[in-house]
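Undergrad: Sequence first, then the predicted structure, then my questions.
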Amino acid sequence: MSTYPSFETVGRMLHHWADTHPDRMSLAEAGRARSGRPVYCVELTDPACPAEDKEHALITALHSGVERSGTTTVCAIIEWLLSDAPDARETLRKQHIACIPVAHPDGYVDGNHGSVYGGWTLDGPADPEGCPEALAVKSVMDRLQPELLADVHGMSMAFNGYDMLENSANSYSNLALRCFHPEVVQAMDDAALEKGYPSDRQESDAERLFWGPALDVCKERLWVGRPNIYAAIYAYYHYHTMLSTSEVGWERSGLVRHKCLLQVGNDRWPGEFHAGYPNRVVRSNHYHMITPYGQTATARRESRVELWGKQERLAFGMVDPPITGKTLAVCATSPTALGSNTDPTVSEFTEALRRRPDVNVTYLAGLLNDWPAGQNRDVPYIYCAGKAAQDTTIEHGLSIRLRVFSGHADIDDVRLNGHPLKQSETDGYMTWSDRSITYVQINIPPAASRNNDLFIASCEYTHTAQRKHWDTWRQFTG
């Protein structure tokens, strides 16, 4: 008796589900393997809900191929999504989900890996003619530009009694292929543990530090993973897709892990204003952020992909040092927007603004007046991450997210280029508090982003909670 479904059985099952659930599921061929076997792509959503409001998720079994429990787990996820379970129905109302349960049909039949998973460059499959299955996967990535790519690995299921460890969201071989939110990994592990399925915690359980080029001298004492360009890295590089790669030996374990993961796309992530997957920070200087513009998932996706692809051409800075009561961040999209100086002093920055009629220099000069010097330079200055090396037009709008590191702050004044803003999700600012941080997001619509090359976001605020430094040392002053 077979210990796993044949490729033909998987195909019959998918066709049956598509025939019996045409209101929720469609089935197509994303491409064909070298043998001519189809690379099936299942798409699931609730068509009664507006498509523009839906997050995009792609679930794959890129090592299946030989790791057939990846296929059976993806099929179990499809079966759950087709059920009338409340969480499944909610997910289809809020998301458009594509599933590729057998990414390498010939490997599934023959019992080998192939190069669908690992044979990639940043431009796509390294050998497109030799691996048409990888081109099929790429075509789905390019069409969806997904917020989430969840890849499910596993075991061959070659015999009864085959056992393996399981984990959530992070690759073993590829140090770069990790979910950038460890809270997601922990939540998936917790969901599995609640049902009795343990998790290997990789470098945590092995108690190893991560590898880097300067540490190659002690590589035997470091975690085994090394950075590589795999299929999922292509999606991250082009679309800022949040990645998850899990080892799954038992379908129920994989299902509860991925139900938890998909729920992230339904909910509002701590620190975000809109519900959906947390993959919206396209640029950061550790304090403040550039995030997508838009009131719908589709609009934010278009903005995210554009900003992510153009980020190397953007300068993004802030005043250093940060001080209590006011903050300022600046985004420049042309080499001349900030003047001729890189990391200009506050006085140089203010002087360069005087040639710009679109900027209220009087207000900004007053805001920056008497700004103290910090520990990095003997004068206050604009610390810029990156350079605007060429003129760059932002077509789909952008948002600048200021962070005040206190959940107890009253927002007194918010401005763009020195001009006061009103609260607005479309052309103004919005504010919220989470994680004991007060967020102030300035939303710059496409009409403004297309016609300007400098965006100065400023905020004045009042702390409503007082903080004090430790001062026992004062007892010992002379």
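TA: Here it is on my side, so go on.
Undergrad: Relative to the whole chain's centre, how far out is the worst-scoring helix or strand of the chain on mean pLDDT?
TA: Scoring the helices and strands of the chain by mean pLDDT, DSSP states H and E places strand 381-385 at the bottom, with a mean of 89. Distance of strand 381-385 from the chain centroid (C-alpha atoms, centre = their mean, to the nearest Å) equals 25 Å.
Undergrad: do the same with stretch 272-283
TA: That offset, for stretch 272-283, works out to 7 Å (C-alpha atoms, centre = their mean).
Undergrad: Ends of that stretch, what's the gap?
TA: End-to-end span of stretch 272-283 (C-alpha to C-alpha, to the nearest Å): 15 Å.
Undergrad: same thing with stretch 95-111?
TA: Termini of stretch 95-111 sit 33 Å apart (C-alpha to C-alpha).
Undergrad: Just the buried positions in it, please.
TA: For stretch 95-111, burial by neighbour count (16 or more other C-beta atoms under 10 Å) applies to 95-109. C-beta coordinates here come from the backbone N, C-alpha and C atoms, glycine included.
Undergrad: Which secondary structure elements does the least confident helix or strand of the chain sit against?
TA: In terms of contacts (3 or more C-beta pairs under 8 Å, 6 or more residues apart in numbering; DSSP states H and E), strand 381-385 is packed against strand 315-320, strand 326-332, helix 346-353.
Undergrad: Mind putting those into CSV with distance to L368 and mean pLDDT?
TA: Compiled in CSV, the helices and strands packed on strand 381-385 are given as follows (distance: least, C-beta to C-beta, whole Å; pLDDT from 0 to 100):
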stretch, distance to L368, mean pLDDT
strand 315-320, 7, 96
strand 326-332, 7, 97
helix 346-353, 5, 94
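Undergrad: which residues in the stretch 101-250 of the chain form strands?
TA: For the stretch 101-250 of the chain, the strands defined by DSSP state E, counting those that start in this stretch occupy 120-121, 124-125, 148-153, 242-247.
Undergrad: Same list (those) but as JSON lines, adding mean neighbour count.
TA: Listed next are the strands of the stretch 101-250 of the chain as JSON lines, based on neighbours: other C-beta atoms under 10 Å:
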{"stretch": "strand 120-121", "mean neighbour count": "18"}
{"stretch": "strand 124-125", "mean neighbour count": "20"}
{"stretch": "strand 148-153", "mean neighbour count": "28"}
{"stretch": "strand 242-247", "mean neighbour count": "26"}
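Undergrad: Can you add mean pLDDT and distance to D410 and give those strands back as a markdown table?
TA: Converted to a markdown table, the strands of the stretch 101-250 of the chain look like this (pLDDT from 0 to 100; distance: least, C-beta to C-beta, whole Å):
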| stretch | mean pLDDT | distance to D410 |
| --- | --- | --- |
| strand 120-121 | 96 | 49 |
| strand 124-125 | 96 | 50 |
| strand 148-153 | 98 | 36 |
| strand 242-247 | 99 | 33 |
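Undergrad: which stretch among those strands comes nearest D370?
TA: strand 242-247 (42.5 Å; C-beta to C-beta).
Undergrad: and for the closest one, what are the contacting residues?
TA: 147-154, 164-172, 174, 177-181, 184, 188, 200, 232-233, 235-236, 254, 257-258, 261, 277-279 (C-beta atoms under 8 Å, 6 or more residues apart in numbering).
Undergrad: Buried only: go through those residues for me.
TA: Judged by 16+ other C-beta under 10 Å, buried ones among these: 147-154, 166-172, 174, 177-179, 181, 184, 188, 200, 232-233, 235-236, 254, 257-258, 261, 277-279.
Undergrad: Pull up the distance across stretch 346-361, start to finish.
TA: 12 Å.
Undergrad: Contacts for that stretch, please.
TA: By C-beta under 8 Å, 6+ apart, stretch 346-361 touches 319, 338-341, 344, 364-365, 368, 371, 379-382, 415, 417-419, 452, 454, 456.
Undergrad: How about N341: what's its closest non-neighbour residue?
TA: Distances taken as C-beta to C-beta, 6 or more residues apart in numbering put E348 closest to N341, at 5.3 Å, once the chain neighbours are dropped.
Undergrad: hmm, I was thinking of L307
TA: V282 (4.4 Å).
Undergrad: so what's that neighbour scoring on pLDDT?
TA: Note on V282: pLDDT of 97.
Undergrad: give me the number of residues near it?
TA: Neighbours of V282 under the rule other C-beta atoms under 10 Å: 23.
Undergrad: Ok, R377 next?
TA: If you count neighbours by other C-beta under 10 Å, R377 ends up with 13.
Undergrad: That one falls within a strand, correct?
TA: No. Counting by DSSP: H, G, I helix; E, B strand; the rest coil, R377 is located in no strand; its state is coil.
Undergrad: Near the closest residue to it other than its chain neighbours, how many other residues are there?
TA: Closest residue to R377 apart from its sequence neighbours, by C-beta to C-beta, 6+ apart: D320 at 7.3 Å. When neighbours are counted by other C-beta under 10 Å, D320 registers 22.
Undergrad: hang on, the earlier thing: now intersect the buried ones among the contacts of strand 242-247 with the helices, please.
TA: Of those, the ones assigned to helices by DSSP state H are 184, 188, 232-233, 235-236, 254, 257-258, 261.
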